[in-house]
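sequence-free structure coming up:
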């Protein structure tokens with residue numbers, strides 16, 4: 001939603017907030033069978049991708065999200081070899097996953113191929129690992145794909161999805177989480193982006209409950225800054241059964257080439273806000 005020819009503005013009516021980017025112009029505008037995708041050239045944040053009116057990423061600070069969502073789960077797992085990325089069509093999370101030498105295969109399931117093709121054009125730095133032979137691209141419905149996934153076939157599932165509306169709606173319920181748990185090996189784990197811990201708190205709690213109902217006994221939030229999203233404070237939720245989600249292989253962090261993520265930011269992401277401790281069971 002624009003407020004003038006020089007600005008793109010996303011209004012988040014649920015929280016009574018808005019976020020604006022000063023733009024030079026519109027580079028691309030396309031209605032796919034699934035959603036509307038716009039690409040803008042901004043004055044200070046590089047390229048900006050917008051889907052159905054919601055900001056997805058910018059050139060300047062997308063690494064915050066991609067690095068945390070990839071490295072936190074992969075370094076929490078003892079030996080991640082088989083990974084699935086649900087969504088993630090911009091390929092930034094895929095690029096980060098492929099930095100791990102233990103990973104033997106990554107399947108990215110993105111419903112809208114145009115997100116990936118436009119990312120290759122306007123965010124080529126995110127797609128620089130797309131030709132890695134370990135990467136497999138599936139352009140299909142991830143809900144159906146996960147329902148048909150082989151049992152005990154995955155070590156880590158990263159749900160890099162849009163908001164729980166439109167194509168992303170089916171990724172936030174017990175049925176989907178149950179299929180993820182079936183597809184995971186005994187020591188496998190899931191991480192899903194879980195919106196803003198400040199202004200989408202109820203969604204965060206609902207996700208946590210649904211994960212628990214699906215059999216994920218252990219759950220833990222991962223909190224990190226993300227300036228282009230509502231409130232500027234974002235989260236993922238780790239889920240597993242029988243794993244200590246606060247322990248990670250810090251010795252393996254150093255070889256990674258990152259801009260934000262390191263052992264200290266991983267530990268910080270696991271810190272629980274004081275108001276949450278003991279509230280609604282969200283103390284782990």
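Yes, it's here. Owing to the predicted nature of the structure, the values given are computational and were not obtained by experimental measurement.

C-alpha from now on. contacts and neighbour counts both.
Will do.

what comes up buried for stretch 19-35?
Neighbour counts using 16 or more other Cα atoms under 10 Å place 19, 21-23, 35 of stretch 19-35 among the buried residues.

so of those residues, which ones are in strands?
19, 21-23 (DSSP state E).

if we can go back for a sec, spatially, which two of the buried residues of stretch 19-35 are the most separated?
Across the buried residues of stretch 19-35, the longest distance by Cα to Cα is 23.4 Å; it joins 22 and 35.

ok, the buried residues of stretch 19-35 vs residue 200, which is closest?
Set against residue 200, the nearest of the buried residues of stretch 19-35 by Cα to Cα is residue 19 (15.9 Å).

and the closest one, what does it touch?
By Cα atoms under 8 Å, 6 or more residues apart in numbering, the contact list for residue 19 reads 9-11, 228-230.

could you rerun that using 10 Å?
Residues in contact with residue 19 (Cα atoms under 10 Å, 6 or more residues apart in numbering) are 8-12, 55, 227-232.

ok, of those, which one's closest to residue 144?
Relative to residue 144, the closest of these is residue 55; by Cα to Cα it sits at 26.1 Å.

who does that closest one form a beta bridge with?
Here residue 55 sits in beta bridges with residue 50, going by DSSP bridges.

quick one, grab the pLDDT at the closest residue to residue 150 other than its chain neighbours.
Ranked by Cα to Cα, 6 or more residues apart in numbering and with sequence neighbours excluded, the top spatial neighbour of residue 150 is residue 183, at 5.9 Å. Listed pLDDT for residue 183 reads 98.

for residue 123, same thing?
So, for residue 123, pLDDT stands at 98.

ramachandran angles for the residue lying closest to it once chain neighbours are set aside?
The shortest distance from residue 123 to any non-neighbouring residue, by Cα to Cα, 6+ apart, is to residue 59 (7.0 Å). Recorded main-chain torsions at residue 59 are phi -60, psi -40, according to degrees, to the nearest 10.

quick check: residue 59 touching residue 46?
Yes. Applying Cα atoms under 10 Å, one finds residue 59 in contact with residue 46, separated by 4.9 Å.

which one of those two is surrounded by more residues?
Comparing residue 59 with residue 46 by other Cα atoms under 10 Å, the one with more neighbours is residue 59, at 19 against 16.

so what's the residue count around residue 206?
14.

and if you look at the one 3 residues further on?
Other residues near residue 209 come to 19 when the count uses other Cα under 10 Å.

do the one 5 residues further on as well
Counted by other Cα under 10 Å, the residues lying close to residue 214 total 19.

show me what contacts it?
So, once contact is read as Cα under 10 Å, 6+ apart, residue 214 ends up touching 173-182, 208.

one more time with 6 Å, if that's ok
Counting by Cα atoms under 6 Å, 6 or more residues apart in numbering, residue 214 makes contact with 174, 177-178.

quick check: closest non-adjacent residue to it.
In space, residue 214 is closest to residue 178, 4.7 Å off (Cα to Cα, 6+ apart).

quick check, the one you found in a helix?
Yes. Assessed by DSSP: H, G, I helix; E, B strand; the rest coil, residue 178 belongs to a helix.

against residue 184, how distant is it?
Separation of residue 178 from residue 184 (Cα to Cα, to the nearest Å): 10 Å.

and if you look at residue 147?
12 Å.

surely residue 50 and residue 41 touch.
No. Assessed by Cα atoms under 6 Å, residue 50 is found out of contact with residue 41, at 11.4 Å.

and the pLDDT at the residue nearest to residue 204 when sequence neighbours are not counted?
Spatial nearest neighbour of residue 204, excluding adjacent residues (Cα to Cα, 6+ apart): residue 194 at 5.7 Å. The per-residue pLDDT reported for residue 194 equals 92.

do the one 3 residues further on as well
Looking at residue 197, its pLDDT stands at 90.

and it, that one's in a helix?
No. Read with three-state DSSP, residue 197 is coil and lies in no helix.

so what's residue 134 up against?
Counting by Cα under 6 Å, 6+ apart, residue 134 touches 104-105.

what distance do you get for it to residue 73?
Counting by Cα to Cα, the gap from residue 134 to residue 73 is 18 Å.
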